[in-house]
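Visitor: coords please:
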Amino acid sequence: MQQLLLQLAPPPAPTLDNFVPGRNAAAVQALRDIASGTDAERFVYLWGAPGSGRTHLLRGLAQAAGAALYTGGGALEGTADNTVLAVDDVQLLPAKNQIELFDLYNRVRAAGGALAASGDAAPAQLALRPDLRSRLAWGLAFQLHPLSDEEKAAALRAHALGRAFELPEEIIAYLLRHAQRDMASLIGILDALDRYSLEQKRPVTLPLVRAALEAMKNKPYAAS
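Guide: Okay, here's the model as predicted:
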């Protein structure tokens, strides 16, 4: 089991490619359009509950477009025109930073740049300055939907098939009940189980999964 733990690595950095879209395909495409510089909407706002993928998508946009990424708790300093910017968790912006983001929207629009932002509610429901709420509603707004258990199961099944092994339904159900429920963690566990089973010439069985998750409770990731 120690060998299995050593095969676990931190989840890969969030990208647009490793985001499992589920019902959020339109939002992902809008960010892809910004990253590729196509003649599409240049302002995108994402909102949804924690775990819906807001931060993953903005970090993915930053990676794909070389964008500057800011969080709601930080100052919007050092921004440049004619570029792509991403601002996460706008609901956390203090009054000073709300003014900065309002001015930033206007500068980006005038300069032909693009800006994506995210928050925990639709623009009209945010406890922000009215003029900033109106700016956040300028472009496309998408409510992000967390993956259902059925969508996660389908993604795990497809990932396993891509690695040329079948994942029994009982193992999928067990992972969804007992493992970390974000897709990056679930995929990381699957990959480690697959490598371990190949090296040990043992199938991926429910007892193996149970033992692995028990061993990982106090050590979710080990250096590879």
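Visitor: Who's the closest spatial neighbour of the residue nearest the centre of the chain, skipping the chain neighbours?
Guide: Residue closest to the mean C-alpha point of the chain, counted by Cα atoms, centre = their mean, is His56 at 2.1 Å. For His56, ignoring the flanking residues on the chain, the nearest one in space by Cβ to Cβ, 6 or more residues apart in numbering is Pro14 at 4.2 Å. C-beta: built from backbone N, CA, C; applies to glycine.
Visitor: how close does the one you found get to Asp88?
Guide: Remark: distance between Pro14 and Asp88 (Cβ to Cβ, to the nearest Å) = 11 Å.
Visitor: ditto for Ile189
Guide: Ile189 is 26 Å from Asp88, by Cβ to Cβ.
Visitor: Do I have it right that Leu175 meets Ile189?
Guide: Yes: with contact defined as Cβ atoms under 8 Å, Leu175 reaches Ile189; the gap is 6.8 Å.
Visitor: residues shared between the contacts of these two?
Guide: Leu213 (Cβ atoms under 8 Å, 6 or more residues apart in numbering).
Visitor: higher neighbour count, Pro14 and Asp88?
Guide: Neighbours around Pro14 and Asp88, counted as other Cβ atoms under 10 Å, are more numerous at Asp88. The numbers are 22 against 19.
Visitor: measure stretch 43-57 end to end?
Guide: One end of stretch 43-57 to the other measures 14 Å (Cα to Cα, to the nearest Å).
Visitor: Give me the buried stretch members for that stretch, please.
Guide: For stretch 43-57, a neighbour-count test (16 or more other Cβ atoms under 10 Å) marks 43-48, 52-57 as buried.
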